[in-house]
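**Student:** here is the input, now give the coordinates:
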Amino acid sequence: MAKPARNRNAATSPEQVMSIIGHGMKVVGDCVTTDTVRIEGSVEGSVRADKAVVIGKEGRVTGDVLTQDAVIAGTVTGMVQVHSRLELQSTCKIDGEIQAASLKLDEGGTVNGTVAVGRQSQPGLAMQPKELGGAGPPEVAERDKKRGYRK
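**Tutor:** The predicted structure is shown next:
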């Protein structure tokens, strides 16, 4: 019996959309998506994804990361704010504040900074970076200014 023909040119459903910043690609500026973003290259600016952020082993973010879920194998210099689950793999290097409802840190992962885990640690808009509409925590904003990440 013949199989029905599939439309190979059909649009991808919104649930399957993932933005990718590939190896060798550098983005200067903030990245904002309503879906998921995978970073294998580098971003100099904040990354905000409503669904998830995945930072590969060679990925690098110099700025804040705000999302629902995250898996980080690369390097982040800045605040990481995850409203649900944060997985830090053995190759990760985090230099900055971490706020997450749930945290998994693999042996070998490096974190330099403060860590707050649990639902009560989830801040509101006041803790979001100024670039994303919040006031930003004063100590993080000051640190970032000294390091040249913020103006």
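**Student:** can you count the residues close to the residue nearest to Val82 when sequence neighbours are not counted?
**Tutor:** Counting by CB to CB, 6 or more residues apart in numbering, the nearest residue to Val82 once its immediate chain neighbours are dropped is Ala100, at 4.2 Å. C-beta: built from backbone N, CA, C; applies to glycine. Neighbourhood size, Ala100 [other CB atoms under 10 Å]: 24.
**Student:** same deal with the one 3 residues further on?
**Tutor:** Using other CB under 10 Å, Leu103 is surrounded by 19 other residues.
**Student:** cool, the one 5 residues further on as well?
**Tutor:** Neighbourhood size, Gly108 [other CB under 10 Å]: 10.
**Student:** the one 3 residues further on too?
**Tutor:** Other residues within reach of Val111 by the criterion other CB under 10 Å amount to 18.
**Student:** name the SS class of it, please.
**Tutor:** Three-state call for Val111 (DSSP: H, G, I helix; E, B strand; the rest coil): strand.
**Student:** and what of Thr67?
**Tutor:** strand.
**Student:** I figured it hits Arg48, correct?
**Tutor:** Yes: Thr67 lies in contact with Arg48 (CB atoms under 8 Å); the separation is 6.8 Å.
**Student:** can you give me the helices for the chain?
**Tutor:** Here the chain has its helices, by DSSP state H, at 138-147.
**Student:** all strands for it, in order.
**Tutor:** 18-21, 26-28, 31-33, 36-39, 42-44, 47-55, 60-62, 65-72, 75-77, 80-88, 93-95, 98-105, 110-112, 115-117 (DSSP state E).
**Student:** quick check: end-to-end length of stretch 28-36?
**Tutor:** End-to-end span of stretch 28-36 (CA to CA, to the nearest Å): 19 Å.
**Student:** same question, stretch 43-60
**Tutor:** 6 Å.
**Student:** likewise stretch 93-112?
**Tutor:** Start and end residues of stretch 93-112 are separated by 8 Å (CA to CA).
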